[in-house]
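Peer 1: kindly generate the corresponding structure for this input.
(2 chains)
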Amino acid sequence: GAVVSQHPSRVICKSGTSVKIECRSLDFQATTMFWYRQFPKQSLMLMATSNEGSKATYEQGVEKDKFLINHASLTLSTLTVTSAHPEDSSFYICSARGGAEAEAFFGQGTRLTVV
Amino acid sequence: AQSVTQLGSHVSVSEGALVLLRCNYSSSVPPYLFWYVQYPNQGLQLLLKYTSAATLVKGINGFEAEFKKSETSFHLTKPSAHMSDAAEYFCAVSGIFGNEKLTFGTGTRLTIIP
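Peer 2: As a prediction, this is how the structure comes out:
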């Protein structure tokens, strides 16, 4: 199957700083990328959907000014958590759809800890 | 609108026993259905998918699922559980267009008893 690489896998940052998470599709063109947040022992909560070259569509309740999503190319999307606070600590996962396959391919996830 | 219901947030089976994880879906359009597995602190890995071809779908690691439109179900089974099957399993539904989001169920944690 196709490969989606997410980086970093773990990051610790100080409260008030910003953190950028990258999601790359390595062997296919991802026309659409999705960003999820997962709380411990819970399902994935969709944060936003981004199509290459256009603004992301955020789910209700997700602060677009806090979670900046950029999908500048068919192989790269980034999520920037701005002015991070401890309550932003979570597991963030990206996924990508595109190419000939029907399924979404997932990155390895990023464990964000804000101290 | 689409939704997925996974019955049983926790399922425990003995090693070698049948694994059955239940998934029911709701969709106003013909669905694509997926089962994903997640190991601790990792992303999701696709087990299998239904994309309107054969209703009985075989996946990796000996898992299979059957799409039953009349029951709006897509239950996941494996004849003989292995210790390495212990993980979180998610059922998901989407429409048939490539840019549509997946809607996930709440997940089922599978525990294997030695």
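
Peer 1: show me where the chain has strands.
Peer 2: Picked chain A for this. For chain A, the strands defined by DSSP state E occupy A:4-7, A:10-13, A:19-25, A:32-38, A:44-51, A:57-58, A:67-73, A:76-81, A:90-97, A:105-106, A:110-114.

Peer 1: oops, I was thinking of chain B
Peer 2: Secondary structure of chain B (DSSP E): strands at B:2-5, B:10-14, B:19-21, B:24-27, B:32-38, B:44-50, B:56-58, B:64-68, B:73-78, B:87-94, B:103-104, B:108-113.

Peer 1: switch these over to CSV; also include distance to A:Ser43 and mean pLDDT.
Peer 2: Using the backbone N, CA and C atoms, a C-beta is placed for each residue, glycine as well. Formatted as CSV, these follow (distance: least, C-beta to C-beta, whole Å; pLDDT from 0 to 100):
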stretch, distance to A:Ser43, mean pLDDT
strand B:2-5, 9, 92
strand B:10-14, 14, 97
strand B:19-21, 14, 98
strand B:24-27, 14, 94
strand B:32-38, 10, 94
strand B:44-50, 11, 93
strand B:56-58, 22, 95
strand B:64-68, 18, 96
strand B:73-78, 16, 98
strand B:87-94, 7, 94
strand B:103-104, 5, 91
strand B:108-113, 10, 97
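
Peer 1: show me the one of these that comes nearest A:Ile21.
Peer 2: Proximity to A:Ile21, assessed across these by C-beta to C-beta, is greatest for strand B:44-50 (16.2 Å).

Peer 1: that older thread, now tabulate the strands of chain B in a markdown table and tack on mean neighbour count and distance to chain A.
Peer 2: Listed next are the strands of chain B as a markdown table, based on neighbours: other C-beta atoms under 10 Å in any protein chain shown; distance: least, C-beta to the nearest C-beta, whole Å:
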| stretch | mean neighbour count | distance to chain A |
| --- | --- | --- |
| strand B:2-5 | 16 | 9 |
| strand B:10-14 | 14 | 10 |
| strand B:19-21 | 19 | 14 |
| strand B:24-27 | 17 | 14 |
| strand B:32-38 | 24 | 6 |
| strand B:44-50 | 21 | 4 |
| strand B:56-58 | 14 | 12 |
| strand B:64-68 | 18 | 13 |
| strand B:73-78 | 21 | 14 |
| strand B:87-94 | 24 | 7 |
| strand B:103-104 | 22 | 5 |
| strand B:108-113 | 17 | 8 |
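
Peer 1: hmm, A:Thr17 is touching A:Asp88, no?
Peer 2: No: at 10.8 Å, A:Thr17 does not count as touching A:Asp88 under the criterion of C-beta atoms under 8 Å.

Peer 1: those two - which one has more neighbours?
Peer 2: A direct count of neighbours by other C-beta atoms under 10 Å in any protein chain shown for A:Thr17 and A:Asp88 places A:Asp88 higher, at 19 against 11.

Peer 1: would TSV of the strands of chain A with mean pLDDT, distance to chain B and mean neighbour count be doable?
Peer 2: Shown next, in TSV, are these (pLDDT from 0 to 100; distance: least, C-beta to the nearest C-beta, whole Å; neighbours: other C-beta atoms under 10 Å in any protein chain shown):
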stretch	mean pLDDT	distance to chain B	mean neighbour count
strand A:4-7	95	7	18
strand A:10-13	96	8	14
strand A:19-25	96	10	21
strand A:32-38	93	4	24
strand A:44-51	92	5	21
strand A:57-58	94	9	16
strand A:67-73	91	12	18
strand A:76-81	95	13	21
strand A:90-97	94	5	25
strand A:105-106	92	4	24
strand A:110-114	96	6	19
